[in-house]
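Engineer: I would like the atomic coordinates for the input below:
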Amino acid sequence: MPATIRIGTSGWSYPDWVGPFYPRTLTDRGRWLSHYATILEAVEVNSTYYRLPSATTVTRWSALGRAHPDFRLSLKVPQRVTHEFLLRGDIDGSVASFEEFYGAVARPLLRTRMLAALLLQLPPGQRWEGEQPRLLARLLDRLPRKVPCVIEPRHPSWYHHGRLRPNAAALLQDSSVSCAWVDGPHLPAACPRTGPLTYLRLHGRNDDVWDHPGAGATPPRGGTSLPADPRGRVNRYDYRYTATELRPWVQEVANQQHGDAGVLVFFNNHPGAQSAINAMQFRRMLSGEPD
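Structural biologist: Predicted coordinates:
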């Protein structure tokens, strides 16, 4: 059976998508995700990284699954798990925070078959050295096996000569955890296969501003986070991929179609709905339609 490939974006609730992606008449934020689900097959939920959603919100997401049975959500694991407790070496706190999130949000969505994956985005300063690999191994050992889990390392020390370090790959393989494929200025475009799920995240290629102070922040309405940026970019994710840049990734994803574990592709270059536009372009290219 060929793998199911779902393509989407990181987040969907952006006011500047009204016009480029959402109809101008669709001003009700509460209806944006329903509209999104008629066009794209999956979405990566960013908000769960910052706070647990209400039970009402989780119920609404589950109801969306009944209306769109092929649609899926990927959830970012709360920052308390990875950026607070794990970095401090408090594995009990990390596990407890994860279990709270899993019980309140992930498990209900898993029951309705809406949940595609859980993404653990590691802190950008978390190196592959010292006690960190051992601490991470203890956390991974406690992750559930009922849902695919994905790790996104964000420090170059995880890689050597453009490939994931063998001991890092072995740790993830032993835990059946997939390593995210990443397109962005901060990591090599490696394609490590450590778990059953192929998970690609495309952040854009604004190399010159990726490490700019505050460059990752979404600007306030009417403002910018990159003062006097010569290209007029609002933040480091303000980037539009070209067909030439996407073509190698389209081929990599197409190569995964022989498996049955599934493929998720998420664009994170959200300003001006560029992520949604690139996601639709990626799907057309994958199906062999003209660029």
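
Engineer: C-alpha from now on. contacts and neighbour counts both.
Structural biologist: Noted.

Engineer: Okay, buried residues for stretch 244-259 please.
Structural biologist: Buried residues in stretch 244-259, counted by 16 or more other C-alpha atoms under 10 Å: 246, 249, 250, 253, 256, 257.

Engineer: Check what pLDDT the last one gets.
Structural biologist: Right, the one you point to is residue 257. Looking at residue 257, its pLDDT is 71.

Engineer: wait, is it part of a helix?
Structural biologist: Yes: applying DSSP: H, G, I helix; E, B strand; the rest coil, one finds residue 257 inside a helix.

Engineer: Tell me if I'm right that it and residue 198 touch.
Structural biologist: No: contact status for residue 257 versus residue 198: not in contact, 10.2 Å apart, counting by C-alpha atoms under 8 Å.

Engineer: tell me the contacts of residue 37?
Structural biologist: 68, 71 (C-alpha atoms under 8 Å, 6 or more residues apart in numbering).

Engineer: how near is it to residue 61?
Structural biologist: 11 Å (C-alpha to C-alpha, to the nearest Å).

Engineer: Over to residue 114?
Structural biologist: Distance of residue 114 to residue 61, computed by C-alpha to C-alpha: 8 Å.

Engineer: higher neighbour count, the two?
Structural biologist: residue 114 (24 against 19; other C-alpha atoms under 10 Å).

Engineer: Can you list the buried residues in the helix-or-strand element of the chain with minimal mean pLDDT?
Structural biologist: Ranking every helix and strand in the chain by mean pLDDT, DSSP states H and E puts helix 86-88 at the bottom, with a mean of 89. Buried residues in helix 86-88, defined by neighbour count with 16+ other C-alpha under 10 Å: 86, 87.

Engineer: Against which helices or strands is it packed?
Structural biologist: Contact here means 3 or more C-alpha pairs under 8 Å, 6 or more residues apart in numbering; DSSP states H and E; on that basis helix 86-88 packs against helix 132-140.

Engineer: And the contacts of the next helix-or-strand element following the helix it packs on?
Structural biologist: Going down the chain from helix 132-140, the next helix or strand is strand 149-152, by DSSP states H and E. With C-alpha under 8 Å, 6+ apart as the test, strand 149-152 has contacts from 117-122, 143, 176-182, 197, 199.

Engineer: Same check on stretch 261-281?
Structural biologist: Outside stretch 261-281, the residues touching it (C-alpha under 8 Å, 6+ apart) are 3-11, 16-17, 20-21, 40, 42-44, 196-204, 234, 237-241, 243, 253, 256, 291.

Engineer: Please apply the same query to stretch 79-97.
Structural biologist: 49-50, 78, 98, 120-123, 126, 132, 135-136, 138-139, 142.

Engineer: ok, now stretch 46-64?
Structural biologist: 10-11, 34, 75-79, 101, 104-105, 108-109, 112, 114.

Engineer: Okay, buried residues for stretch 10-22 please.
Structural biologist: 10, 11, 12, 13, 17, 18, 21, 22.
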